[in-house]
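Peer 1: sequence-free structure coming up:
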């Protein structure tokens, strides 16, 4: 892995450089079913892994808005690269909720350590002297094989006597099974993480409720106080919106070349480009507003319900735009050597994630609305 530079550019400027490399290596990464190592190194060198890491460990305690814009920039070049950049960043945000001693272990070698998150409750967790023995199989854990540590959630099912907990485990304590064979997002390495009766000391454990609610200390930066579900749509929505922007750029270039050859404007194509651009711009503005409000510490009941709703709508708009753009290209748009068909597959796949679906957001928002919030 590349060494950490002494002076860092702002994340958005570094991300623009990652975008170019990621676009260049996107097809190769998809074929190999893993992100190119130079792209991985560039993501870390750009500052994604350290973006939310506490300052006392050398991190930036950065804003959600800055992270989102940087992720979207990378997504313009490669959706898989943006997805991993976002996961690495937000995993650092979660690890900042660990007890102090565990944080010191996770970032003992510096703030650029790659982390993975397996936050769907799975497996068993048995309390033993000094800690817990944890077993389980967590599916679709992006970048786990590259990570130095993973955060895993269990047990499942949880009960009143054994509430959900988050466990930090080093790479040598978990296995990764090669199970990610997908039509889209192929280079994300979203494989299966396995723990087999692993001892996790008590100081590497914290309640899942802390993850859901964020740090309670008002002195902590907003990035650590943001509830998990409030920012979940940003984690997975920004790569999608960035990829949609890349699709618009590719479709615009193709239509400009077509118009130059024909010597006359294509009015239906102009309409589709305009609609797609409006959808993508709206999606990006919507996610940016969610990030900015999280950075301002606005976490009331209605806000916490609205942010996932808004993120889901943004993803729907972006996915609709990409579908519109790939169809605009006709049969040629689905050729193997055209970037837009890869973007279409990536966005279609990524938009199925639980965190960016309207069905996931609806119960909490509807409950708040029906209770009179926001009326």
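Peer 2: Now that the structure is in, tell me what you want to look at. Everything numeric in this text was worked out from a predicted model, so none of it was measured.

Peer 1: quick check, residue 32 in contact with residue 189.
Peer 2: No. With contact defined as CB atoms under 8 Å, residue 32 and residue 189 do not form a contacting pair (9.9 Å). C-betas here are computed from N, CA, C, even on glycine.

Peer 1: show me which of these two is the more surrounded one.
Peer 2: residue 189 (25 against 13; other CB atoms under 10 Å).

Peer 1: determine the three-state secondary structure at the residue nearest to the more buried one when sequence neighbours are not counted.
Peer 2: In space, and not counting its chain neighbours, residue 189 is closest to residue 34: 5.1 Å by CB to CB, 6 or more residues apart in numbering. At residue 34 the chain is in coil, as set by DSSP: H, G, I helix; E, B strand; the rest coil.

Peer 1: could you do residue 31 as well?
Peer 2: Per three-state DSSP, residue 31 ends up helix.

Peer 1: just the helices in the chain please.
Peer 2: 11-32, 37-46, 64-77, 79-95, 100-106, 208-213, 222-225, 228-262, 267-295, 301-328, 339-350, 358-370 (DSSP state H).

Peer 1: still on that earlier bit, okay, and the common contacts of residue 32 and residue 189?
Peer 2: By CB atoms under 8 Å, 6 or more residues apart in numbering, residue 32 and residue 189 have no common neighbours.

Peer 1: what's the burial count for the residue nearest to residue 189?
Peer 2: 22.

Peer 1: that one and residue 190 touch, don't they?
Peer 2: No. Checked against CB under 8 Å, the pair residue 34 and residue 190 is beyond contact range at 10.4 Å.

Peer 1: re earlier: so what's the backbone phi/psi at the residue nearest to residue 189?
Peer 2: phi -160, psi 150 (degrees, to the nearest 10).

Peer 1: ok, it to residue 165 distance?
Peer 2: Note on residue 34: its distance to residue 165, by CB to CB, to the nearest Å, is 31 Å.

Peer 1: pLDDT value on the closest residue to residue 139 other than its chain neighbours, please?
Peer 2: Leaving aside its sequence neighbours, residue 139 sits nearest to residue 192 (CB to CB, 6+ apart; 5.4 Å). pLDDT, residue 192: 98.

Peer 1: one more: residue 156?
Peer 2: Here, the pLDDT recorded for residue 156 equals 74.

Peer 1: burial count for it?
Peer 2: 13.

Peer 1: my guess is it contacts residue 125. True?
Peer 2: No. Contact criterion CB under 8 Å: residue 156 and residue 125 do not qualify, at 9.3 Å.

Peer 1: low-confidence stretches in the stretch 201-350 of the chain?
Peer 2: In the prediction, the stretch 201-350 of the chain carries no residues with pLDDT under 70.

Peer 1: list the contacts of the residue nearest to residue 230 when sequence neighbours are not counted.
Peer 2: Distances taken as CB to CB, 6+ apart put residue 307 closest to residue 230, at 4.7 Å, once the chain neighbours are dropped. By CB under 8 Å, 6+ apart, residue 307 lies in contact with 229, 230, 231, 233, 290, 293, 294.

Peer 1: CSV for the residues you listed, including neighbour count?
Peer 2: Output for the contacts of residue 307, formatted as CSV (neighbours: other CB atoms under 10 Å):
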residue, neighbour count
229, 20
230, 25
231, 24
233, 29
290, 28
293, 20
294, 26
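
Peer 1: and these as TSV, adding distance to residue 100?
Peer 2: Rendered in TSV, the data for these read as follows (distance: CB to CB, whole Å):
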residue	distance to residue 100
229	25
230	24
231	23
233	30
290	30
293	29
294	24
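
Peer 1: who's in contact with residue 171?
Peer 2: Contacts of residue 171 by CB under 8 Å, 6+ apart are 147, 148, 149, 150.

Peer 1: residue 246 versus that one, what's the distance?
Peer 2: 32 Å.

Peer 1: please, where are all the strands along the stretch 51-200 of the chain?
Peer 2: With strands called from DSSP state E, counting those that start in this stretch, the stretch 51-200 of the chain shows them at 115-118, 124-128, 131-142, 149-154, 165-170, 175-177, 190-201.

Peer 1: for those strands, which one ends up most surrounded?
Peer 2: Neighbour counts (mean count of other CB atoms under 10 Å) averaged over each of the strands of the stretch 51-200 of the chain peak at strand 115-118, with a mean of 28.

Peer 1: so what strands line up beside it?
Peer 2: strand 149-154 (parallel) (DSSP bridges).

Peer 1: just how off-centre is the strand it pairs with within its chain?
Peer 2: 16 Å (CA atoms, centre = their mean, to the nearest Å).

Peer 1: pull the residues that contact that strand.
Peer 2: 91, 94-95, 106, 113, 115-125, 134, 136, 138, 141, 144, 164-171, 174, 193, 195, 208, 211.

Peer 1: what's the answer for stretch 243-258, then?
Peer 2: 23, 72, 75-79, 82, 266, 269, 273, 276-277, 279-280, 283-284, 318-319, 321-322, 325-326, 328-329, 333, 338-340, 343-344, 346-347, 350.

Peer 1: please pick the buried ones from these.
Peer 2: By neighbour count, with 16 or more other CB atoms under 10 Å, the contacts of stretch 243-258 hold 23, 72, 75-79, 82, 269, 273, 276-277, 279-280, 283-284, 318-319, 321-322, 325-326, 328-329, 333, 338-340, 343-344, 346-347, 350 as buried.

Peer 1: go through the helices of the chain and pick out the most buried.
Peer 2: helix 79-95 (a mean of 29).

Peer 1: just checking, what packs against it?
Peer 2: Here helix 79-95 touches helix 11-32, helix 37-46, helix 64-77, strand 115-118, strand 131-142, strand 149-154, helix 228-262, helix 339-350, going by 3 or more CB pairs under 8 Å, 6 or more residues apart in numbering; DSSP states H and E.

Peer 1: could I get those as a markdown table with distance to residue 300?
Peer 2: As requested, the helices and strands packed on helix 79-95 are exported to a markdown table (distance: least, CB to CB, whole Å):
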| stretch | distance to residue 300 |
| --- | --- |
| helix 11-32 | 28 |
| helix 37-46 | 33 |
| helix 64-77 | 17 |
| strand 115-118 | 26 |
| strand 131-142 | 31 |
| strand 149-154 | 26 |
| helix 228-262 | 10 |
| helix 339-350 | 29 |
